[in-house]
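In: I would like to see how this sequence folds:
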Amino acid sequence: MRQIISSDFRLGILGGGQLGKMLCQAASAWDITTCVLDPDPEASASGVASRFTRGSFRDYETVMAFAKDVDLLTVEIEGVNIEAIEELEKSGLPVFPQYNCLRIIRDKGLQKMLYRDHGLPTADFKLFENDDQIRNALNEGVLRMPFVQKTRLSGYDGQGVLVVRTNNDLPKLFAAPSLVEDFVEDALEIAVIVSRNIHGEVSCYPAVEMVFNPKANLVESLLSPARIADHLADEAARLAKATAEALGIVGLLAVEFFIDKNGCLLINESAPRPHNSGHHTIESAITSQYEQHLRAIFGYHPGSTQLTSPAVMVNILGSEGSIGPVVYKGLNEVLGMEGVKLHIYGKRQTRPYRKMGHATILAATVEEALEKAGRVLKTLKAEA
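Out: A predicted model of the protein is given here:
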């Protein structure tokens, strides 16, 4: 592989959303040329990438043509053309995360089977080809409510997930191949980001606590470090590392967990890339998750994951009932709050619950940051 810390080195990134944008910004600090492929000409990364190519990362020929001009390929989204990834890897192009990791993680059914086969704790599950099979399983007593249905492919940011509590929810069932798993009552949700480089060196960030928007089913805020017992934090880190090892992944892996009412950890799902649950590391850790991903895929030692400050990260979501060109209200008031670091993703159009940016709030304690985060959410609005 060519010399990496050089503007001659071309890092290819499939996907130009906010994760791609922040990855480009981290790579720029190391004088690396970033080449981004995304179908949206106004994608978040389009203004910061060294080279931006408009095209579909889901199209085989487009990905193959794009990859001819890069020295290493990575992704910011799982839904890329998997056949192209396999072919590029066979041709000798360094691709991280690898084909097999993407093949497994993009399919939630294969994910769950990986956890089961490696003895990693996860909620009980069954796989179904369509909604009729689920109804038959209910009628036969094989399946009981409440449960969660997840489409095996294409689910993202809360899409493709349905909680079924009563018969009234059954008409909403997805007809696609899906997994059905036990609903974990009264669960606390946490996440651990782990990195693994090409030499097998593994490193973890401290667990974060996640708070979900009940309407959009996506993360609204996270607390770092999570307010959990030390033994649970240690066990979550151990399980995250074990998951990375089971996959053999090179790069970042975000592992999301439930902590059930008995205090047991269950792996929910994983993402093979920088993740929403690691945004706070830009300001609150010695090494950001984006630099850590670069270190891993380039084969460098992992950076320190030590926190420099407690933090709360809040997603700036498009306001409910608002669609159109975005206007940010309350910016000046928020920027006047001590310890608030603002990231605007550059998406020109807002719609309900679309991720338009995030704010990281640094404070002496998580509780202090949490109080200030509440004021940020009340003040800053992304509206049309």
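In: for burial, what's the neighbour tally of Glu367?
Out: If you count neighbours by other C-beta atoms under 10 Å, Glu367 ends up with 13. C-beta: built from backbone N, CA, C; applies to glycine.
In: which SS state does it fall under?
Out: Classification of Glu367 using DSSP: H, G, I helix; E, B strand; the rest coil returns helix.
In: state the distance from it to Val314.
Out: Counting by C-beta to C-beta, to the nearest Å, the gap from Glu367 to Val314 is 15 Å.
In: next one: Asp71
Out: According to C-beta to C-beta, Asp71 stands 36 Å off from Val314.
In: higher neighbour count, these two?
Out: Val314 (26 against 20).
In: name the element the closest residue to the more buried one other than its chain neighbours belongs to?
Out: Among residues not flanking Val314 along the chain, Ser221 sits closest, at 4.4 Å (C-beta to C-beta, 6 or more residues apart in numbering). Using DSSP states H and E, Ser221 sits in strand 218-224.
In: who's in contact with Ile323?
Out: Gln349, Thr350, Arg351, Pro352, Ala384 (C-beta atoms under 8 Å, 6 or more residues apart in numbering).
In: can you pull the poorly scored residue ranges out of the stretch 51-200 of the chain?
Out: Scanning the stretch 51-200 of the chain with the threshold set as pLDDT under 70 gives 155-158.
In: which residues in it form helices?
Out: Using DSSP state H, counting those that start in this stretch, the helices of the stretch 51-200 of the chain run over 60-67, 82-91, 99-105, 108-117, 131-139.
In: export those helices to a markdown table and append columns for distance to Ser44 and mean neighbour count.
Out: Converted to a markdown table, the helices of the stretch 51-200 of the chain look like this (distance: least, C-beta to C-beta, whole Å; neighbours: other C-beta atoms under 10 Å):
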| stretch | distance to Ser44 | mean neighbour count |
| --- | --- | --- |
| helix 60-67 | 18 | 18 |
| helix 82-91 | 22 | 17 |
| helix 99-105 | 21 | 19 |
| helix 108-117 | 26 | 19 |
| helix 131-139 | 35 | 15 |
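In: dump these to a markdown table, plus distance to Phe257.
Out: As requested, these are exported to a markdown table (distance: least, C-beta to C-beta, whole Å):
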| stretch | distance to Phe257 |
| --- | --- |
| helix 60-67 | 32 |
| helix 82-91 | 26 |
| helix 99-105 | 16 |
| helix 108-117 | 11 |
| helix 131-139 | 25 |
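In: is it correct that Ile286 is in contact with Gln292?
Out: No - shown here, Ile286 and Gln292 do not form a contact pair, counting by C-beta atoms under 8 Å, at 10.1 Å.
In: what's the overlap in contacts for the two?
Out: Gly303, Thr305.
In: the more surrounded of these two?
Out: Shown here are Ile286 and Gln292; by other C-beta under 10 Å, Gln292 has more neighbours (28 against 12).
In: surely the more buried one forms part of a helix?
Out: Yes - membership of Gln292 in a helix is supported by three-state DSSP.
In: ok, back up a step: closest one to Ala216 among the helices of the stretch 51-200 of the chain?
Out: Comparison of these against Ala216 by C-beta to C-beta identifies helix 108-117 as nearest, at 19.0 Å.
In: ok, and what's touching the closest one?
Out: 103-105, 120-122, 125, 127, 150-153, 155, 177-179, 181, 243, 246-247, 267, 269-270.
In: go with 10 Å
Out: For helix 108-117, the external contacting residues (C-beta atoms under 10 Å, 6 or more residues apart in numbering) are 101, 103-105, 107, 120-128, 150-155, 160-161, 177-179, 181, 239, 242-243, 246-247, 255, 266-270.
In: and the buried ones among these, selectable in ChimeraX?
Out: Listed next is the ChimeraX selection for buried residues among these, using 16 or more other C-beta atoms under 10 Å:
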select :101,104,105,107,120,122,123,125,126,128,150,151,152,155,160,161,177,178,179,181,239,242,243,247,255,266,267,268,269,270
